[in-house]
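Asks: Model the structure of this input:
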Amino acid sequence: MRWLLMAAVLMAQSDGLGTIAGTVRNSATGGGVKRATVYLNSSGGRVGQTTAVTDSSGSFRITGLPAGAYRISAQHPDYPPSPRMAAGMTDLMLEGGEQKREVVIQLSPAAAVEGKVTGEEGEPLSGCSVSLMRYLHL
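Replies: Below you'll find the model as predicted:
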């Protein structure tokens, strides 16, 4: 059995194809993001775009990659893209047969405000309008 595993590893390395694997993490909690879509784009156009979906722990694995430059990113419906999306992308260089295993992609969760509007006596009020404002200090 051990020889079969070693033979499989040697064959994967001898064909010059590599692997990129890692985790998509929630930037606020550090936990893995399950069911995130990972996008891997080849800078040289040799591969085009490859995708993978993370498992329950946020892990992903993309195999069969030729040597070259890649850009990796991730998306999930609960983590909206931001104007800084390009900042969340990571550029990678993969050598022939290389196994990159600890790639980490951070996603920032969407913000939500939840609550109840009450009167002076604690009674719920209906028909109220609530606004959330962001102040910038210059």
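Asks: drop to CA atoms for contacts and neighbour counts, all remaining ones
Replies: Noted.
Asks: who's in contact with the closest residue to Val33 other than its chain neighbours?
Replies: Once flanking residues are discounted, Val33 sits nearest to Gly58: 4.5 Å by Cα to Cα, 6 or more residues apart in numbering. Counting by Cα atoms under 8 Å, 6 or more residues apart in numbering, Gly58 touches 23-25, 31-36.
Asks: Just name the closest of those to Gly122, please.
Replies: Among these, Gly31 lies closest to Gly122 (Cα to Cα), at 37.1 Å.
Asks: quick one: that closest one and Met89, what's the gap?
Replies: 19 Å (Cα to Cα, to the nearest Å).
Asks: Equivalent analysis for Ser56, please.
Replies: Taking Cα to Cα as the measure, Ser56 falls 22 Å from Met89.
Asks: Which of those two has more residues huddled nearby?
Replies: More crowded of Ser56 and Met89, by other Cα atoms under 10 Å: Met89, with 16 against 12.
Asks: Spatially nearest residue to the more buried one, not counting backbone neighbours?
Replies: Closest residue to Met89 apart from its sequence neighbours, by Cα to Cα, 6+ apart: Ser73 at 4.8 Å.
Asks: That neighbour against Pro81, yeah?
Replies: No: the criterion here is Cα atoms under 8 Å, and Ser73 misses it with Pro81 at 10.8 Å.
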